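here's my sequence, what's the structure:
(one chain, ligands or ions: 1)
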Amino acid sequence: MIDAAELAPRLRAGDRRALARAITLVESARADHRVQAQALVSALRATGRQALRIGLSGTPGVGKSTFIESFGLMLTGQGRRVAVLAVDPSSARSGGSILGDKTRMDLLSRDPNAFIRPSPSQTQLGGVARRTREAVALCEAAGFDVVLIETVGVGQSETMVDDLCDLFVLLLAPAGGDGLQGVKRGIMEMADLILVNKADGDLRPAALRTCADYAGALRLMRPRPQDPEGFPKAMTVSATERAGLAEAWAEMQALAAWRRDSGHWQARRAAQARRAFEEEVRHGLLAALASKPVRAEMERLGQAVEAGHTTPEAAAASLLWLLNRAGDPHPEI
Ligand code: GDP
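Presented below is the predicted three-dimensional model:
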């Protein structure tokens with residue numbers, strides 16, 4: 001039993017267990033939990049706290065978890081509080097979780113200034129991004145300064161991160177040959193910072209080459225209004241040797257500060273909020289359509305249309321009338 005009213009003050013005080021329970025509430029598909037979750041997220045808005053939300057993407061094996069551990073520890077070492085949320089759009093299918101194994105970030109997960117949340121094993125309705133948005137808001141309310149949102153570099157995860165984050169970092173590994181292998185143009189165009197990881201040992205020359213290739217490609221891209229001079233940028237890092245991390249952080253901070261001063265930060269968050277609202281409405285309508293009485297009426301009217309007892313238009317109007325009349329503000333999600 002989760003008591004939402006009792007969670008809010010503990011969460012505001014930065015209690016990580018309260019935060020974990022609040023996120024569980026937010027991820028729950030139960031209608032009563034949804035109502036509580038919404039009330040909790042709304043109540044916590046008043047804190048006005050804002051974290052830097054950094055999206056981090058990269059194909060499996062590039063070193064995301066190693067990077068997050070090193071980068072996260074650097075930030076907590078500076079007195080910052082860091083939350084890590086995983087988004088795995090494929091988890092709905094596989095039932096798996098990219099962060100299911102917490103030992104992936106062993107040191108960070110034991111750091112009192114860090115909070116690591118595995119990817120939710122999500123529902124058939126695919127609410128991963130929707131619920132992650134609320135989870136991010138909860139982390140902010142709990143006083144985390146940086147929220148890292150990690151995704152596996154597949155499918156729509158990047159757009160999802162774009163909907164959730166202030167900055168988008170693409171992590172790459174050194175390429176074997178020449179050229180920009182395997183990175184879709186659309187993903188590159190979204191990146192604010194490209195970090196070529198594993199710039200150490202034997203891999204260092206290849207990492208430098210890959211970085212130069214990407215820096216060249218980024219220079220050829222159309223300038224974006226949300227960027228100051230020199231962005232997007234490509235840099236090398238080594239997550240294992242913890243090299244280049246302070247430089248990468250300095251660039252992220254510089255970009256964030258520029259966007260705050262120029263108003264792009266606020267505009268982006270406003271647009272994200274608006275898209276989230278519209279998505280919630282669409283989702284609510286679909287959920288209402290899927291509800292039992294509406295489905296039954298749909299079936300009845302469908303048969304009537306097939307039998308020629310009514311026109312498709314009249315039947316649709318009748319169903320929409322029923323939907324409008326349903327008026328339940330909290331349909332089953
Ligand atoms: P993920 O799948 O993207 O989370 O990647 P992991 O963090 O699990 O790393 C995949 C492999 O790359 C592991 O064997 C890591 O030890 C290795 N790796 C990660 N970062 C670095 C790095 O900076 N340098 C080198 N040489 N190897 C690294």
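
can you give me the distance of E280 to E229?
The gap separating E280 from E229 is 37 Å, by C-beta to C-beta, to the nearest Å. (Each C-beta comes from the backbone N, C-alpha and C, glycine too.)

higher neighbour count, these two?
E280 (14 against 6; other C-beta atoms under 10 Å).

hmm, that one is touching R130, no?
Yes - taking C-beta atoms under 8 Å as the contact criterion, E280 and R130 are neighbours in contact, 7.1 Å apart.

pLDDT below threshold where in this structure?
Applying pLDDT under 70 to the chain flags residues 1-2, 88-103, 120-128, 153-158, 176-182, 326-333.

pick out the residue of it closest to the ligand.
G63 (3.0 Å; C-beta to the nearest ligand atom).

phi and psi next, for that residue.
phi 110, psi 30 (degrees, to the nearest 10).

pull the number of nearby residues for the closest residue to it other than its chain neighbours.
Counting by C-beta to C-beta, 6 or more residues apart in numbering, N197 is the residue found nearest to G63 once chain neighbours are left out, at 4.3 Å. Applying the criterion other C-beta under 10 Å, we find 25 residues in the vicinity of N197.

can you pull the contacts of N197?
Taking C-beta atoms under 8 Å, 6 or more residues apart in numbering as the contact definition, N197 lies against 58, 62-63, 66-67, 171-173, 207, 236-239.

up against the ligand, what does the chain have?
Residues of the chain lying close to the ligand (C-beta under 6 Å from any ligand atom) are 58, 60-66, 197-198, 200-201, 203, 238-240.

buried ones among these?
Buried members of the residues of the chain next to the ligand, counted by 16 or more other C-beta atoms under 10 Å: G58, V62, G63, K64, S65, T66, N197, K198, D200, L203, S238, A239.

just checking, the last one touches M74?
Read it as A239. No - judged on C-beta under 8 Å, A239 makes no contact with M74 at a distance of 10.6 Å.

what do these two both touch?
With contacts taken as C-beta under 8 Å, 6+ apart, A239 and M74 have L245 as neighbours in common.

if we can go back for a sec, which residues touch the residue of the chain closest to the ligand?
Neighbour list for G63: L171, A173, N197, K198, A239, T240 [criterion: C-beta under 8 Å, 6+ apart].

so which of those belong to strands?
Mapping those onto strands (DSSP state E) picks out L171.

pull the most distant pair out of the contacts of G63.
By the measure C-beta to C-beta, the contacts of G63 have their two most distant members at L171 and T240, which lie 13.3 Å apart.

which parts of this protein are strands?
52-58, 82-87, 114-117, 146-152, 167-172, 193-196, 233-236.

how about the CA coordinates for the first one, as CSV?
Output in CSV follows, covering the C-alpha atoms of strand 52-58 (Å, rounded to 0.1, in the frame of the first residue of the first chain):
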residue,chain,number,x,y,z
LEU,A,52,19.6,19.4,-16.0
ARG,A,53,18.0,16.6,-18.0
ILE,A,54,20.6,14.9,-20.1
GLY,A,55,19.5,12.2,-22.6
LEU,A,56,22.2,9.7,-23.4
SER,A,57,22.0,7.3,-26.2
GLY,A,58,24.2,4.8,-27.9
